[in-house]
Each structure stands twice: as structure tokens, then as C-alpha cells.
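Novice: Predicted model follows, preceded by the sequence.
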Amino acid sequence: MNALPIEKFLLSLVLATWTAVGVAGDIPRDENMVPLFNGKDLSGWEPCNIAPETFGVRDGMIVTTGSPVGTLRTSKMYENFIIDFEWQHMKSGGNSGLFIWADGLPVTGSSFSRGIEIQILDPGFDVKGKNEWYTTHGDIFAVNGAALTLAGRISPDGKRSFPSEDRTRPSPQWNHYRVVANHGDISLSVNGKEVTVAKAASPRKGYLMLESEGSECRFRNLRIKELPSTNPKPEETAREADGFVPLFTGTDLRNWKIPEGDNGHWQVVNEVIDYDARSEAPGDKNLWSEKAYRDFQLVVDWRIKETPYQNPRACNILPDGSEEKDADGKPVNITIPDSDSGVLLRGQGKYQVNIWCWPAGSGEMYGVRRDPAMPPEARAGATPKVKADKPVGEWNRFEITVRGSTVSVVLNGQAVLPGVTIPGLPVSGPIAMQHHGGMKNGQWVSPPALVQFRNVFIRELKP
């Protein structure tokens, strides 16, 4: 074996020593901390609205590709803790973050959960320099409705706790973060010195998350020490998401069966499922899940993009499920701008949870409500109890529960169908995003499904 040249030997010794001590030799290792990452796989972590390959393991590191935008969360919640880790951006200006005390699922229409973010930003992103922009490396801020009292140095726009000094090394150098989170108070040390503080966060118990946002970022030596509980109130605890798995990756339509001959009308645009109601498939034009489901809870965000069709056949739906008629018993139709789609349950179009613009609101089950063979209680039960839709163009969230032959629908936090038992509901079947609409001579002849979907999660239930 040839001897290693002295220059290469010395270089390899320096690199080995640097790797062993971490990013800086003056940062002591707390032996009471336990690994948050085993260095081999993502045991203890769960994907949230991302593709399976968005986060992976390489050479003892957690690595994110940055696409799509989203998060990887811990399997369990944490309350009070100290977390210690190193990170490395592979691109100047790279963006990532550590979320703490976060809800298990993203908020409606967003890539991110409610929680507190500790910014992991390469200095090249700070286009104004010297931490004078709205964000910077090492800032702390509340996301999507979380609460936080800022402290120390505050950002120019008054929305973030800023670091007292710049200690972040630029890409591709490694940086060390130590976060102390206790009773809602937070402090961040960067490369061995505390620089950012914030107080009175709510929630103050929840999931930890690593962020994917546009480019490769690497994490290693993740360790945590849990501190004694300070008994958070229920309203100070994040919403759980145990058992929910994403059905949409944010990058493509795997997990779904694209209709044969569709020719690209069901597609992913800017990390959402986008449909233009023009599928060229000769048969079923709906987008069905590959898997069939029995009992489940489904979360799906949706929005109507536009309403170019004037529907002359809309009407007011009465509480018993019937449609308003005049004194002569004729339907009282109204003309409204309309778009029409829905979520189809257990493999049949009859059991759709409607997305439309009728006065009754979305969540209505048209095929059940209008079936004269259905019992009166089923027809009434398939009629929304309240209209909970947001305006056209805004995101909405369905939470649909199917257990046995009973369906319940929550729309934007309101129970529009508290629970309807449907005779003949199939025992099992796939789920679909519904096609609707047709054209003649370049004009819509029925309400088109001009819709988008995102944040699709399912949790299978035991019978």
C-alpha cells in the first residue's frame, strides 16, 4: 500500500476532527440529550403534504430537495424541550426552517401548519443586508394564526423577533442551532451564542417540523432533551394528526388514476391539483384514487377558480331536501354564476359531496337528496344545515367522515351535514375529485368544474 502524502494526511485529519466536534469545537455536547434522528432512516418522522422523496436520508443526514414546499413532522408532540442540531444550505440564499409547537396538518389553503417558525435562512437571501429586511437568518415568528410576543430586537415590520447579531455562516458551511422552548418562551443560539428570543407562544405544545422550501438543505446531529411539563391548557395544545397520510404529493398525481385519454386536463400546477373541466377522456372523466377505502376521515382543501357559466336551473333547497316550488307546484328556478364539482365517495358518482354555488351551500349530497327512493330522513340529512362556503377564489376545507353507512361533512369548521345514514352506500370504494361540465360551440352548456384541490389527507378508521 502506498503511503499517503503528508499534505493529504494532514487535510484528512483536520476534516475528521472538524466532523467529530461538529460545526464549532467550543459548542459543548449535552450528554443528557437523546437522538431525534437515528442517522439511518426517517423513523419517528412523518411526511406532511409532500412527496415521499422530498425528505430522505443520506450519509447520516436528513436531506430535503426543497420540492414541493411543505414539511416533515415528528410522529409525537413535544411541549418543553431543548433541541440541538446542525444545518447546511447547498445554495446561496437557500430557505428552510424549524417549526415548533405546530399543528399536525397545514391550515386551509396553505403549505404550512399553524405554529412558530425558527428561520433557517442562508445569508444570501437577505437582499438588503445587515438584517434590515422583513426576514433574516435566525428570526422567530408566528405562522398561520399562532400567537407570539416578540422580544429583543424586532424586525422593521414589527412581526418577527430578529437576532441581535449575525452569526450564520454562508452556504455551504455548516451552522449550529440550539433552541430552548419552555412554557411558551423561546431562545435561539446560533453557533454557540444566544441571539434571538420570543415569549408567550400559543400553541406551546405540538409537533416539530423541518421545512422544505425551494432548494436542498441538510440536517444532522439532531438531539433533544425534554423538560418538565408546565401543563398547557387544551387551547394551548396543537391539533393532532395521528394516522393521517397525504394522498397528494404536491408534485404529481401518483395515488390517483388519471382518466385514460384525459390529455393533461387533470394536472398539477403550482403544487395544487388543477382541473379545467375539459377532459378528453371518452368515458369516466373523474380523478379516482388508486386505493379503495372502507371507513375513513378525509381532509381536502378546494377552491372554485371562476364561475363563467350562468346556471338558470339553480334553486332554493328546503330543509327536508325538496326544492322550492311556486303556488302551482312548479320549480322556482334562479339564475346564478356557477361552477360544479365535488368529492365522490366509495366508488360511485351518486354519493358525491357537492362543491357548487347554489344558495344551500357546498357539502350537499345531490344524488341522495334527490332520490325519491331514499327515506325522508336521508334526503333531509343530505341537505346542508348551514352555508359555510367562502367566496369564489378562496380556499375551503372539507372534513368528511364515512363510517359504515353514515356520512358527516364539516366545511370550514362548521357541521353542514352532522351525520346522514344512507341506505345502500357501498361498503368500500375509491374516492374521486369530480368532473362536471360540457361545451358546445365553445360555450359551456352546464356548470364546469373549474376547481383546484390541495392538502388531501386520509385517515383510515377501524370498523
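Specialist: Cool, got the structure.
Novice: okay, now the spatially closest residue to Leu210 that is not a sequence neighbour: neighbour count?
Specialist: Counting by Cβ to Cβ, 6 or more residues apart in numbering, Leu72 is the residue found nearest to Leu210 once chain neighbours are left out, at 4.9 Å. In short, each C-beta sits where N, CA and C put it, glycine included. Residue crowding around Leu72 was assessed by other Cβ atoms under 10 Å; the count is 22.
Novice: mind listing what Leu72 touches?
Specialist: By Cβ atoms under 8 Å, 6 or more residues apart in numbering, Leu72 lies in contact with 42, 45-48, 50, 54-55, 62, 64, 209-210, 212.
Novice: Identify, from these, the entry nearest to Val420.
Specialist: Closest to Val420 out of the contacts of Leu72 is Cys48 (30.6 Å), distances taken as Cβ to Cβ.
Novice: Give the bridge partners for that closest one, please.
Specialist: Under the criterion DSSP bridges, Cys48 forms beta bridges with Thr71.
Novice: Let me know whether it touches Thr71 as I believe.
Specialist: Yes: here Cys48 lies in contact with Thr71, judged by Cβ atoms under 8 Å, at a distance of 4.7 Å.
Novice: what sits in contact with each of the two?
Specialist: What both Cys48 and Thr71 touch, as defined by Cβ under 8 Å, 6+ apart, is the set Pro106, Ser113, Met209.
Novice: Highest neighbour count among those?
Specialist: With neighbours defined as other Cβ under 10 Å, the most crowded of those is Ser113; it has 29 neighbours.
Novice: Double-check Cys315 against Asp326; I have them as touching.
Specialist: No: using Cβ under 8 Å, Cys315 is not in contact with Asp326; the gap is 11.0 Å.
Novice: higher neighbour count, these two?
Specialist: Cys315 (18 against 8).
Novice: The residue nearest the centre of the chain: what's it in contact with?
Specialist: With distances taken as Cα atoms, centre = their mean, the residue of the chain nearest its centroid is Pro106 (3.4 Å). Contacts for Pro106 were tallied using Cβ under 8 Å, 6+ apart; they are Cys48, Asn49, Gly70, Thr71, Phe112, Ser113, Asn144, Asn455.
Novice: again, only this time at 10 Å
Specialist: 48-49, 70-71, 112-114, 144, 241, 299, 301, 397, 454-455, 457 (Cβ atoms under 10 Å, 6 or more residues apart in numbering).
Novice: Ser110 now?
Specialist: Per Cβ under 10 Å, 6+ apart, neighbours of Ser110: Asn49, Val69, Gly70, Val143, Asn144, Gly145, Asp301, Trp395, Arg454, Asn455.
Novice: give me the low-pLDDT residue ranges for this protein?
Specialist: 1-29, 125-132 (pLDDT under 70).
Novice: make it 90
Specialist: 1-32, 93, 123-137, 166, 331, 439, 441-442, 462-463 (pLDDT under 90).
Novice: And it, what are its domain boundaries?
Specialist: The chain resolves into domains spanning 18-240, 256-460 when parsed by automatic domain parsing.
Novice: Thr249: which of those is closest?
Specialist: domain 18-240 (3.9 Å).
Novice: And the closest one, how far out from the chain middle?
Specialist: 17 Å (Cα atoms, centre = their mean, to the nearest Å).
Novice: what does stretch 321-330 give?
Specialist: Distance, centroid of stretch 321-330 to centroid of chain: 43 Å (Cα atoms, centre = their mean).
Novice: Dump the C-alpha coordinates for it into PDB.
Specialist: Extracted as PDB, the C-alpha positions of stretch 321-330 are listed here (Å, rounded to 0.1, in the frame of the first residue of the first chain):
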ATOM      1  CA  GLY A 321     -84.300  18.200   0.900                       C
ATOM      2  CA  SER A 322     -87.100  19.200  -1.500                       C
ATOM      3  CA  GLU A 323     -86.700  22.200  -3.900                       C
ATOM      4  CA  GLU A 324     -88.800  25.300  -3.600                       C
ATOM      5  CA  LYS A 325     -92.000  25.400  -5.800                       C
ATOM      6  CA  ASP A 326     -94.500  28.100  -6.600                       C
ATOM      7  CA  ALA A 327     -98.200  28.100  -5.800                       C
ATOM      8  CA  ASP A 328     -98.800  25.900  -8.900                       C
ATOM      9  CA  GLY A 329     -96.200  23.400  -7.800                       C
ATOM     10  CA  LYS A 330     -93.700  24.400 -10.400                       C
END
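Novice: who touches it?
Specialist: 314-318, 331-334, 359-360, 364-365, 368-371, 374, 376-383.
Novice: Give me the buried subset of the residues you listed.
Specialist: Neighbour-count burial within the contacts of stretch 321-330 applies to 314-315, 317, 360, 364-365, 368-371, 374, 378-383; the criterion is 16 or more other Cβ atoms under 10 Å.
Novice: In helices, which of those fall?
Specialist: Counted as lying in helices by DSSP state H, out of those, are Val368, Arg369, Ala378, Arg379, Ala380, Gly381.
Novice: Nearest to Ser187 among the residues you listed?
Specialist: Once Cβ to Cβ is applied, the member of those that ends up nearest Ser187 is Gly381, at 52.4 Å.
Novice: so how many other residues sit close to Pro312?
Specialist: Counted with other Cβ under 10 Å, Pro312 comes out at 10.
Novice: for Thr65, same thing?
Specialist: 17.
Novice: From what I see, it and Glu216 are in contact.
Specialist: Yes: counting by Cβ atoms under 10 Å, Thr65 does reach Glu216; the two are 6.1 Å apart.
Novice: now the strands: where do they sit in the stretch 101-250 of the chain?
Specialist: 115-121, 140-143, 147-150, 153-154, 161-162, 175-182, 185-190, 193-202, 207-212, 217-226, 245-246 (DSSP state E, counting those that start in this stretch).
Novice: what's the fifth one packed up against?
Specialist: Using 3 or more Cβ pairs under 10 Å, 6 or more residues apart in numbering; DSSP states H and E as the contact test, the elements touching strand 161-162 are strand 115-121, strand 140-143, strand 147-150, strand 153-154, strand 185-190, strand 193-202.
Novice: List the buried residues in the third one.
Specialist: If I follow you right, that is strand 147-150. Leu148, Leu150.
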